[in-house]
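Q: Coordinates for the following, if possible.
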Amino acid sequence: MQFKKAITIALSLLLAIALSGCSSTNGSSSSKAGSSGAPITLKFAHVGSLIHQDNIYAEDFKKMIEKDSKGKIKVKIYPNGQLGAEDAEIQGVQTGSIDMTEVAADSSLAQVVPVMNVFGIPYLMNTRSQVYHVLDGGIGSSLLKEVDKHQLIGLGFSEVGFRNITNSKHPIKTPADMKGLKIRIQPAPVWNAFMKELGAVPTSISFTELYSSLQQGVVDGQENPIATINAMKFYEVNKYLSLTKHSYTANVVLMSPATWKKLSPDQQKLVKADVQKAYAEQRDYLAKTEQQTLNNLKAKGIIITNPDIAAFKAATKNSANAIAKFVPKSLVNKIENTK
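A: Below you'll find the model as predicted:
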């Protein structure tokens, strides 16, 4: 009897271990993102300050996805280039060490996805209406498909805005006023051509190092949207702002393919939908607050000029030649004809 009892106990133990193994396997599966188990936390990195439009967008997306996923997807934001400059963020997303980022289309991303150089063509897009028709329609979708070919998932866009020129030397009203100024540019050939055509000296510097470079006189000026000039406090080191509005920069919102695969189909749909909704909310906010931001800059002593736009257009009309091998003429024509 004792022997039979021992056999019974041993069998019971083996059965319990087997069941425990099954339970462990199921538990591992359910802990993945996309299941009903533990939530996933997305590392969302960007280079903007806490009041920069990058962070406005990231906070909007975080709020929306955490609510719509009922807490199954959480977002931890890493601002101020905490995880590196934009090129490092892109590499992090490709390797999976960063889940999400938003980077300027016509900067480091253009070195990875060459067609994104199109955003650097001066005066190609001139109104917000044109921009949003481009990005929200077939052209925007086709550009995101190009992103997907480079170990990245292109989810959508966020706003950086129309770019303007600041400097520490003098007011800029005509292209002649640009001559000899050392201007920081993004690392893309179209920006190099743009500044040379204006007679300026282009200098490629990481965005995360831009303020200190202006402060130390490494460069005399830079070009960025009004919201960026305000958020990054470039007005502290550049007294003159010229509203050239020479190009519109969109951020591309990127996700790691490894992270994307962890999400269930329903969660993938939620992420894509909230990427779009956050963009709509962010761009509405920036449009409504732009004039107040300009007023605040004036109050801080910034000298603002309205330059001869026609002269700037004429002076930089050949800039696009620098990226002709990256950007099909048919794409340029489509954007020009979008209203």
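Q: Please enumerate the strands of the protein.
A: Using DSSP state E, the strands found in the chain span residues 40-45, 73-78, 100-104, 153-162, 164-167, 182-185, 201-204, 221-224, 240-242, 248-255, 303-305.
Q: Compare these and give me the one nearest D54.
A: Closest of the strands of the chain to D54 is strand 100-104, at 5.8 Å (criterion: CB to CB). Heads up, the C-betas are built off the backbone N, CA and C, glycines and all.
Q: Could I get the average pLDDT for the closest one?
A: Mean per-residue pLDDT for strand 100-104: 98.
Q: Pairing partners for that strand, with directions?
A: Applying DSSP bridges to the sheet, strand 100-104 is found paired with strand 40-45 (parallel), strand 248-255 (antiparallel).
Q: and the angle from the first one to strand 73-78?
A: Right, the one you point to is strand 40-45. 30 degrees (axes from the mean of the first three to the mean of the last three CA atoms, to 10 degrees).
Q: any idea how far strand 40-45 is from the chain center?
A: 15 Å (CA atoms, centre = their mean, to the nearest Å).
Q: Ok, stretch 309-322 next?
A: The answer for stretch 309-322 is 25 Å, by CA atoms, centre = their mean.
Q: hang on, the earlier thing: which of the strands paired with strand 100-104 has the highest mean neighbour count?
A: Of all these, strand 248-255 has the most neighbours on average by mean count of other CB atoms under 10 Å, namely a mean of 25.
Q: Residues touching that one, excluding its own?
A: By CB atoms under 8 Å, 6 or more residues apart in numbering, the residues outside strand 248-255 that reach it are 54, 57, 61, 90, 93, 99-107, 109, 116, 119, 125, 131, 135, 143-144, 147, 152-163, 225, 271, 275, 279.
Q: where in this structure is pLDDT low?
A: 1-36 (pLDDT under 70).
Q: Serialize the strands paired with strand 100-104 to TSV and add fields for distance to Y285.
A: Shown next, in TSV, are these (distance: least, CB to CB, whole Å):
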stretch	distance to Y285
strand 40-45	18
strand 248-255	15
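Q: I302: what's it in contact with?
A: Y235, K239, Y240, L241.
Q: Which single one of those residues is nearest to D266?
A: Nearest member of the contacts of I302 to D266, counting by CB to CB, is Y235, at 45.1 Å.
Q: from what I can see the closest one touches K300, true?
A: Yes: counting by CB atoms under 8 Å, K300 is a contact partner of Y235 at 5.6 Å.
Q: Neighbour count: these two, which is higher?
A: A direct count of neighbours by other CB atoms under 10 Å for Y235 and K300 places Y235 higher, at 18 against 12.
Q: follow-up on the earlier one: quick one: which of the strands of the chain is nearest K329?
A: Judged by CB to CB, the one of the strands of the chain that comes nearest to K329 is strand 248-255, at 19.5 Å.
Q: Tell me, how many residues neighbour the residue nearest to A322 when sequence neighbours are not counted?
A: Leaving aside its sequence neighbours, A322 sits nearest to A193 (CB to CB, 6 or more residues apart in numbering; 3.8 Å). Look at A193: counted by other CB under 10 Å, it has 22 neighbours.
Q: and A193, what does it touch?
A: Contacts of A193 (CB under 8 Å, 6+ apart): N318, S319, N321, A322.
Q: Please list only the buried members of those.
A: Among these, those buried by neighbour count (16 or more other CB atoms under 10 Å) are S319, A322.
Q: Pull the most distant pair out of the contacts of A193.
A: Maximum pairwise distance among the contacts of A193 (CB to CB): 8.3 Å, between N318 and A322.
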